[in-house]
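>>> I would like to see how this sequence folds:
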Amino acid sequence: MILGTIRKRLTRDDAQFAVSLLAQGAPSERDALEDALRQQGLDAILDDPRLAEALLDRPSAAHASMPLLIYVLVRHTLREANETDRVLADFVSGIVLHFGLHDRANRIREHDDVRYDTLAGLVADADCGDPTRAFLVRAHLGHYALWLAGLFPDRIEAQHHRRGGPDLEYFDEMGRRGYQMAAEHRLASEHGVNQLFETAAERFLLLRVALNRLSDRVFFPDHHTADRLLRQVRDEGRWQ
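Now for the predicted structure:
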């Protein structure tokens, strides 16, 4: 089960790398950052508004670890949307990072035999007889909807207009439904994640639109279409 563990995976080397990237060789700036790190902890560095830009713009940022890069980009994008919950940023970062691995987006756990290629297939198994599987399928429904609609909205819009496929609103509804069903499963309470899934369900639209912005800016910045412009205009009010 994917949970918010990206921040815990960040190492001392990640912290020192972020400090060096921000300091740019200036001793006084490095001293100030090191002091903030000692006094306030790693979050003081991760939340520095300059860090996301530095990770994207400076050549030396190519050496950043993937957990550091993904967490900072997701965290800063959510903060732009006034979503300040670090637990939620950690949770979304985990989905982005894990689903970027080969075939992980299509399986409810790393070594599962069943491959899911549609949301409908996950919905069909959401009430299966195996309680553990049913719980994982419900959570994965939320994850998969957020991953696809968040990072690949242009593909969804194109398939909707050209082939009659489901639109982004469908993914929003399925994502909320998956997280809400997962929150209501008894295993969510046993594992202490019911509140996390309830929050993800409530804020699914905000999370999706935030990931859209990250995708547009970072992953697919050179893709310019009328569909993208219409989506961005439509979602602007939701962002605010």
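>>> And stretch 195-215, how far out from the chain middle?
8 Å (CA atoms, centre = their mean, to the nearest Å).
>>> What are the buried residues along it?
Residues of stretch 195-215 classed as buried: 196-201, 203-215 (neighbour count, 16 or more other CB atoms under 10 Å). Yep, even glycine has a C-beta here, placed from its N, CA and C like the rest.
>>> what about that stretch, how long is it end to end?
Length of stretch 195-215, first residue to last, CA to CA, to the nearest Å: 27 Å.
>>> can I have the longest helix along the chain written out in PDB, keeping just the CAs?
When the chain is parsed with DSSP state H, its longest helix is helix 131-151. Extracted C-alpha coordinates of helix 131-151, given in PDB (Å, rounded to 0.1, in the frame of the first residue of the first chain):
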ATOM      1  CA  PRO A 131     -11.000  -8.100   2.400                       C
ATOM      2  CA  THR A 132      -7.300  -7.200   1.900                       C
ATOM      3  CA  ARG A 133      -7.600  -7.200  -1.800                       C
ATOM      4  CA  ALA A 134     -10.800  -5.200  -1.700                       C
ATOM      5  CA  PHE A 135      -9.200  -2.500   0.400                       C
ATOM      6  CA  LEU A 136      -6.100  -2.300  -1.800                       C
ATOM      7  CA  VAL A 137      -8.300  -2.100  -5.000                       C
ATOM      8  CA  ARG A 138     -10.300   0.700  -3.500                       C
ATOM      9  CA  ALA A 139      -7.200   2.700  -2.600                       C
ATOM     10  CA  HIS A 140      -5.600   1.900  -6.000                       C
ATOM     11  CA  LEU A 141      -8.800   3.300  -7.700                       C
ATOM     12  CA  GLY A 142      -8.100   6.600  -6.100                       C
ATOM     13  CA  HIS A 143      -4.300   6.500  -6.800                       C
ATOM     14  CA  TYR A 144      -4.800   5.400 -10.500                       C
ATOM     15  CA  ALA A 145      -7.400   8.100 -11.200                       C
ATOM     16  CA  LEU A 146      -5.200  10.800  -9.600                       C
ATOM     17  CA  TRP A 147      -2.100   9.600 -11.500                       C
ATOM     18  CA  LEU A 148      -3.800   9.500 -14.900                       C
ATOM     19  CA  ALA A 149      -5.900  12.600 -14.600                       C
ATOM     20  CA  GLY A 150      -3.200  14.600 -12.700                       C
ATOM     21  CA  LEU A 151      -0.200  13.900 -14.900                       C
END
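>>> other SSEs contacting it?
Where contact means 3 or more CB pairs under 8 Å, 6 or more residues apart in numbering; DSSP states H and E, helix 131-151 is packed against helix 86-99, helix 119-124, helix 168-184, helix 186-190, helix 194-202, helix 204-214.
>>> quick one: the next helix-or-strand element following it to chain centroid distance?
Moving toward the C-terminus from helix 131-151, the next helix or strand (DSSP states H and E) is helix 153-163. In terms of CA atoms, centre = their mean, the centre of helix 153-163 is set 21 Å apart from its chain centre.
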